[in-house]
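Novice: sequence and predicted structure, then a few things I'm wondering about:
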Protein chains: 2
Amino acid sequence: MAVQRRIDLILESVRRLLRMGATPNLLNLLQKQHPADLARIFAELPERERYATFNVLVEKNGKLAMEALSELGPEAAAPVLAMRSAEEIARLTQELPSDDAAPLIDHLGEELRIAVLDLIRPKNGPGVSELLEYDEHTAGRLMNPNVFAVAEELTAAEAITALQAARDVEMVFYLYVVDERRHLVGVVSLRRLLLVSPDTPLKRIMTTDVYSARVDTDQEEVARQVASYNLLAIPVVDRENKLTGVVTVDDVIDVMKDEATEDVYRMAGVSREDGALTPPFESLRRRLPWLLVNLVTAFAAALVVGMFQSTIQQVVALAIFMPVVAGMGGNAATQTLAVVVRGMALGELTWANARQAVIKEGLVGLGNGFGAGLVGAVGVFIVTQNWVLAVILLAAMVINMFVAATAGTLIPLGLRAAKIDPALASSVFITTFTDVFGFFSFLGLGTLFLRFLYQA
Amino acid sequence: MAVQRRIDLILESVRRLLRMGATPNLLNLLQKQHPADLARIFAELPERERYATFNVLVEKNGKLAMEALSELGPEAAAPVLAMRSAEEIARLTQELPSDDAAPLIDHLGEELRIAVLDLIRPKNGPGVSELLEYDEHTAGRLMNPNVFAVAEELTAAEAITALQAARDVEMVFYLYVVDERRHLVGVVSLRRLLLVSPDTPLKRIMTTDVYSARVDTDQEEVARQVASYNLLAIPVVDRENKLTGVVTVDDVIDVMKDEATEDVYRMAGVSREDGALTPPFESLRRRLPWLLVNLVTAFAAALVVGMFQSTIQQVVALAIFMPVVAGMGGNAATQTLAVVVRGMALGELTWANARQAVIKEGLVGLGNGFGAGLVGAVGVFIVTQNWVLAVILLAAMVINMFVAATAGTLIPLGLRAAKIDPALASSVFITTFTDVFGFFSFLGLGTLFLRFLYQA
C-alpha cells in the first residue's frame, strides 16, 4: 500500500519531467531509487516513455539502469535492450553478475544474441555463455558463478582478510571451503567466523555436511532444499563435486513465483511460456492444442446426451436442467482438485493419509450434493411444478457431486503414482468428465422414470 | 529426487526400529536428522507411528522434536502436541522462538490454548501471547520479537562483542541500530561490520534509509518488500517506529507458499482455511455457500435454455451439441483468466498495458473460436450430416470464445479497479457466465435459422 503510493508519486514526477524535457532533474530523481522500484516504474510506463527514461538513466548510470532492467524480468527488459547495438549491449551486460545477464541476453532475438555472446565470450572466460549452456530450469542456469570460496588451510582471520579483498562478490552469507582442486569440503557461516578467535583454522570450525545442489538439479528441487532447510544460499557443484557457483535465496524466491504460476497455469491448461503480453499468435499456438483435446471430450459428453435423444424429445425440461447437474459437478470437482493438488505440492497430502483424504472428499461430495441438490430441487419444482423432475435432479446431483469429488481426489493421486505432475489433472479436463457423468446420471434417471415424469 | 530417496530410506528404518522396539537405535537415528527432514518423516508416518516417534524423540531432545513439529506446520502438529498436558506443552513450546511457538499454540483446542497461555504468560513477558494479539496475516503475527539491536553510540568492535554475547538470537543478518528509546534509526550489514576498522562508530557506517514494516502491515506486502529488495530480513516497528521484531526471509518463503495456495484456491472457489485433511463437516460448511451462489447462476443458464424450449423440441440435436459450445467457452475463459490473474499478481500486467492485453486476448479468443469451431463443425457434420447445424456451431463457438476471452480479461481488470482481489473472478464464476452466453448464442442462432436446419 504505502510502497504503491510512493511508486505512483514517483511515476507522476517521472512523466512530468519527461514532458518538460528536464533531463538533469529526471536523472537526479531516478538515481535515488532502488533498482526494484525503478523496475516497477518501468513496468507502469507506456512503451515510448519507458525507452526514454531508460535512455536518460543508462547514459549516466549504466549499472543502475541494468539492475533495474534485470528486476523487470527478461520478457519485458529484452525489447528495451534490443534498441541498442550489440557492442553497447555487450558493454552494458558486463555491469550485471552473469546469472542476471544470462536471461536478458537469452531473450534478445536470435541474431542479436549470437552477436552479443561473440563479443563478450573472449573477455570473461566462464560467465554468461557458460551459464546459457546449462538446461533451462536447472541449478546451473540459475547460479551465480562468482562464488566466494576459501582454502581449507586458512585461519578465521585470514578468511576475513580474503573476504575484505573480494569486493565485487555480492551477498556473501557463507564461506565455502574448498580443497586445492576446488572440491567443496565444508562451509562456515559469516556469524560463526565472528564468534571464534582469529587464529582458529577453518578446518576446525567448518561444517563438513554441506547441503549442495548439482548443476543439473531441477530448480524446483533447489528451491525446496533452500526453503526446507532455511538456507540463505546453496553451493552448486559439478559432477566431480567441484564448486562452480552459488544460488542465493533471492533467486529461490523468483523460482517459487515461477512454480506457483506454473501450478495455476497447469490446472487451467496453459503452458509455462504463455503470459498476458505474449504475442497473440504465439498464445494461440500454445492454447489451441489443449482446447482441441478438450473438444474431443466435449464430443463424448454430446454423444452421451445423444443417447437420450428420444427422452429429451418427450420431456424438454430435461434438456433445460441438465446443464445445472453437469455444471455443479464441475464446480465441486474444481474445488476438490485445488485442495488436493495444492495439498500434494505442499507435502501435506502424502501416501500415509491419502485414504483419509479420499474418504473425506467423498463425504464432502455427498454433503454438497444433498445441500445444493435440495436447493436445486426446490428451484425446479417452483419453475416446473413437476416434483418427479425435482427428485430426479436431487438424485443426479448427489451422484454426480460424489463422483466429482472422488474423481477429483483419485485422478491427481493416480497421476502422482504414475510420476506425472498431478496439476495436469487440470480443472478443464475434470470438468468435462463431470459433464459426461452429470448428463448420464440425470438423463438416465429421466429415462428410467419417464412414465412418472409424465404423470407428475 | 535424491532428497526424497534419502527420506524414504530413513522412513523405512524408523518403522522397522519402531516395530522392533529398538528405542535407543531409533533415537540415535532421529537425532542425526535435520528438523525439516524429521517433519517430512512425521508427515509420511501413519498417525499412531507419528505419535510414537515423536514421544521417543521428545523425551531426549525436546528442542529438536519441537523444531520438527514447527516445520510440519500447525495443522498437523497441534494434534500431536495436544496429547500432552498443558504443563508439558508450556515447557516444550519454550524450546522454540516465540514466532514459531505462537501458531502451534494457536491451533490447540480453545481450552488447552488458554491453559497453555496462562502457564507461559508470567514467565517471559513479551512473547507468544503478545504475538497472538496481532491480527492473523500481519507482520506482527509473523515476526520474531527476539530481534538483535545495538545502540547507535557503539563502535564496530563493541557491536561485534555484543553480537558474540547474544547467543540465542538466531539468524542475525543485519544489526539494527536504535536510539535510547528503541526507535529504529539505522541498519548495518554483518559483512560491512567486517570490512571497517574496529573503532569506526556505527553511526558513520549505518544506512539510515531502512526498509521496515509496521506490526499491522499485511504479510503479503511484507513478502513483496523482502522479495523486491532482495532482503534477508526486515525489521518490524510499532506505531511509534520502535523496533519490536524482525521477519526473516525463511518466514517470507512460507508466506509466499501460502499466498500461492490462496491464488489457486480463490480461482477454484475454496477458502483459505480449507485443506486436504480438514474435517469433512468443516470443508462442507466452507464450500457449500460458494456452490449455492453458483447454483443461482446455473439456474440463469437453465432459464436461457428454457427460452428456446420449442426450438429444442423441433431440433433435438441442438440440445446435444449445446454443451460443446458452452464447455469450450468455459475452457477458453479459464485459460485467459489464469494468464491475466497471474500477470497481475506478478506485476507484468499493469494499467499501462491493460489495453494491449485486452486486444490480445480478444484476438486469441477469435483464433481459438475459429480453430476449435472448424474442427467441431466437421465433427457435427460427420455425426448429423447437417451442414447448417455445423455452420451454426462454428458461428456460436467463435462468438462465445471471443466473449469468454474478453470477459476473462475485463472482469479481473474491473475487479482490481474496484480494489477487489482479481482472483475472486474465479474460473467457477466465469464458467457459468460462458455457459449462459454459449447457450444463448447457439440456441439463438438455431432459432433464427430454424427453417434452414430442417431443409439441411
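Specialist: Structure's in. What do you need? Bear in mind the structure is a predicted one, so any value in this text is a computation, not a measurement.
Novice: C-alpha from now on. contacts and neighbour counts both.
Specialist: Noted.
Novice: for A:Gly73, what are phi and psi?
Specialist: phi 100, psi 140 (degrees, to the nearest 10).
Novice: what's the nearest residue to it if we skip its chain neighbours?
Specialist: Leaving aside its sequence neighbours, A:Gly73 sits nearest to A:Leu104 (Cα to Cα, 6 or more residues apart in numbering or on different chains; 7.8 Å).
Novice: count the residues that sit near the one you found.
Specialist: When neighbours are counted by other Cα atoms under 10 Å in any protein chain shown, A:Leu104 registers 25.
Novice: what's the distance between it and chain B?
Specialist: For A:Leu104, the distance to chain B equals 16 Å [Cα to the nearest Cα, to the nearest Å].
Novice: what does A:Glu130 give?
Specialist: Distance of A:Glu130 to chain B, given as Cα to the nearest Cα: 25 Å.
Novice: same question for A:Thr217.
Specialist: Distance, A:Thr217 to chain B, using Cα to the nearest Cα: 9 Å.
Novice: and if you look at A:Met307?
Specialist: Using Cα to the nearest Cα, A:Met307 is found at 9 Å from chain B.
Novice: same check, this time on A:Ala82
Specialist: For A:Ala82, the distance to chain B equals 19 Å [Cα to the nearest Cα].
Novice: where does the residue nearest to that residue when sequence neighbours are not counted land in three-state SS?
Specialist: Among residues not flanking A:Ala82 along the chain, A:Leu108 sits closest, at 6.4 Å (Cα to Cα, 6+ apart). Secondary structure, DSSP: H, G, I helix; E, B strand; the rest coil: A:Leu108 is coil.
Novice: Three-state assignment for A:Val185, please.
Specialist: From three-state DSSP, the assignment for A:Val185 is strand.
Novice: might you report the residue contacts of the closest residue in space to it that isn't next to it in sequence?
Specialist: Of all residues not flanking A:Val185 in the chain, A:Val178 sits nearest, at 5.3 Å (Cα to Cα, 6+ apart). Residues in contact with A:Val178 (Cα atoms under 8 Å, 6 or more residues apart in numbering or on different chains) are A:Ala149, A:Val150, A:Ala151, A:Glu152, A:Leu184, A:Val185, A:Gly186, A:Leu243.
Novice: 6 Å instead?
Specialist: A:Ala151, A:Glu152, A:Leu184, A:Val185 (Cα atoms under 6 Å, 6 or more residues apart in numbering or on different chains).
Novice: which one in these is the model shakiest on?
Specialist: By pLDDT, A:Glu152 ranks lowest within these, coming in at 89.
Novice: what's the neighbour count on it?
Specialist: Neighbour tally, A:Glu152, other Cα under 10 Å: 21.
Novice: tell me, how many residues neighbour A:Pro198?
Specialist: Every residue meeting other Cα under 10 Å relative to A:Pro198 is counted, giving 14.
Novice: how about it: what's its closest non-neighbour residue?
Specialist: Per Cα to Cα, 6+ apart, closest to A:Pro198 is A:Ala157, 4.6 Å.
Novice: host element of the residue nearest to A:Gly73?
Specialist: Element membership of A:Leu104, judged by DSSP states H and E, is helix A:98-106.
Novice: which residues sit against the helix or strand following that helix?
Specialist: Note on helix A:98-106: by DSSP H and E, the next helix or strand toward the C-terminus is helix A:110-120. Applying Cα under 6 Å, 6+ apart, the external contacts of helix A:110-120 come out as A:Ala86, A:Ala90, A:Ile105.
Novice: name the residues of the stretch 151-300 of chain A found near chain B, please.
Specialist: Contact residues, the stretch 151-300 of chain A versus chain B (Cα under 6 Å from any Cα of the partner chain): A:164, A:195, A:228, A:230, A:250, A:260, A:264-265, A:268, A:270, A:275-277, A:280, A:284, A:288, A:298.
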